[in-house]
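Enquirer: the sequence isn't on hand, but the structure is:
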Ligand SMILES: Nc1nc2c(ncn2[C@@H]2O[C@H](COP(=O)(O)OP(=O)(O)O)[C@@H](O)[C@H]2O)c(=O)[nH]1
Ligand SMILES: [Mg+2]
């Protein structure tokens, strides 16, 4: 029987964490237009763009990073100020030129160019830069910020002016006051901005981006469902050559990766130590056995658990049920947290508790019918 030591599960966890590249987002625009505020509005606190938690990058650009997203926050320029003269050089020569056409960790995946609605005007430099960024092959969009400072007519005028100077550009109307003001929220395109960004990111970058977002439970749910589906298929592959029940631990890496991925999507912290002990010890593999034990009764012709085998279908069903149940738990916890409620449950505790196992069994049985 293959053993899964805490060390090997730890390695599995590390692999999951490092397997994915992180989206790199550059945010440009004049000083004070609300660039940093946009980032703080959209992402989890751990990406917070403020004061001293960034690392100096090139001149005027600071990198704020966590393991889900890298934000290159540019200080911007002031109209008539010294930096207006070299802002283009700073963005292009110092920063973008070195990253053009690369697909490695340095690539710039998205550029958000902010223009303030409050200022009711933008500069020729803004238009020139946006055009040049797009012409250079970067995915760029325009953030029209502080729209709460505009009336509807002014807002429409700004949108029309931008469409005239930047035909076909993707422009998103934003205000950081949207969460407190439903009327204002209706004029804002926050979800369109995150959709646009999600759609312009490839493969696993999408997953990291969704992890970084503070809201968008719908996107998180979609992404988690994809993780469960992937793990279900992977587990069925493990079980394609039927394995004795005592070897259900073979499913540990797949299930560990799945649990980690789902928790990450919902921004729920599960300690590495907890995952290791849950996965390697009595947790996930035992859960697999006990779930399958409950499942066995449903499969005609299979005798006792001890003599039973895990086949592709059982392995897939267990993993799917486990992922579905865990995902729902995380969804609820994430929603509570967004609604400002304290977490109702201790996920680490629940994962090994009887109610959760019962729920997984229920789901597995349902899937088998
Ligand atoms: N009314 C209003 N003020 C905003 C909005 N977004 C940012 N601000 C304010 O604008 C100022 C500059 O914002 P900041 O994010 O630091 O701009 P940055 O220099 O472009 O990073 C701050 O006082 C923010 O509170 C918004 O949507 N509406
Ligand atoms: Mg700033």
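Expert: That came in fine, so what should we check first? Being a predicted model, the structure only gives us computed values, none of them experimental. Ligands and ions are numbered 1, 2, ... in the order given.

Enquirer: quick one: contacts for the closest residue to residue 214 other than its chain neighbours?
Expert: In this structure, residue 214 finds its nearest non-sequential neighbour in residue 44, 5.3 Å apart by C-beta to C-beta, 6 or more residues apart in numbering. The C-beta positions use only the backbone N, C-alpha and C, and glycine is treated the same way. Neighbour list for residue 44: 66, 68, 212-214, 267 [criterion: C-beta atoms under 8 Å, 6 or more residues apart in numbering].

Enquirer: how about residue 44, phi and psi?
Expert: phi -60, psi 150 (degrees, to the nearest 10).

Enquirer: who wins for most neighbours among the contacts of residue 44?
Expert: With neighbours taken as other C-beta atoms under 10 Å, the top of those is residue 212, carrying 24 neighbours.

Enquirer: in what helix or strand does the closest residue to residue 152 other than its chain neighbours lie?
Expert: Excluding the flanking residues, the one nearest residue 152 by C-beta to C-beta, 6+ apart is residue 187, at 7.7 Å. In this structure, residue 187 sits in neither a helix nor a strand according to DSSP states H and E.

Enquirer: follow-up on the earlier one: show me which of the contacts of residue 44 is closest to ligand 1.
Expert: Checking those against ligand 1 by C-beta to the nearest ligand atom gives residue 214 as the nearest, at 15.6 Å.

Enquirer: can you check the pLDDT for the closest one?
Expert: Looking at residue 214, its pLDDT reads 90.

Enquirer: which residues does it contact?
Expert: 41-45, 267, 338.

Enquirer: would you turn these into TSV with pLDDT, secondary structure and distance to residue 118?
Expert: Listed next are those as TSV, based on pLDDT from 0 to 100; DSSP: H, G, I helix; E, B strand; the rest coil; distance: C-beta to C-beta, whole Å:
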residue	pLDDT	secondary structure	distance to residue 118
41	94	helix	16
42	94	helix	19
43	92	strand	22
44	82	coil	27
45	77	helix	26
267	86	coil	31
338	86	helix	27
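
Enquirer: widest-spaced pair of these?
Expert: Among the contacts of residue 214, the pair separated by the greatest distance (C-beta to C-beta) is 41 and 267, at 15.5 Å.

Enquirer: closest one to residue 91 out of the contacts of residue 44, please.
Expert: Nearest member of the contacts of residue 44 to residue 91, counting by C-beta to C-beta, is residue 212, at 22.8 Å.

Enquirer: go ahead and confirm the closest one touches residue 43.
Expert: Yes: when contacts are counted by C-beta atoms under 8 Å, residue 212 is listed as touching residue 43 (5.0 Å).

Enquirer: give me the element residue 220 is part of.
Expert: Residue 220 belongs to helix 217-238, assigned by DSSP H and E.
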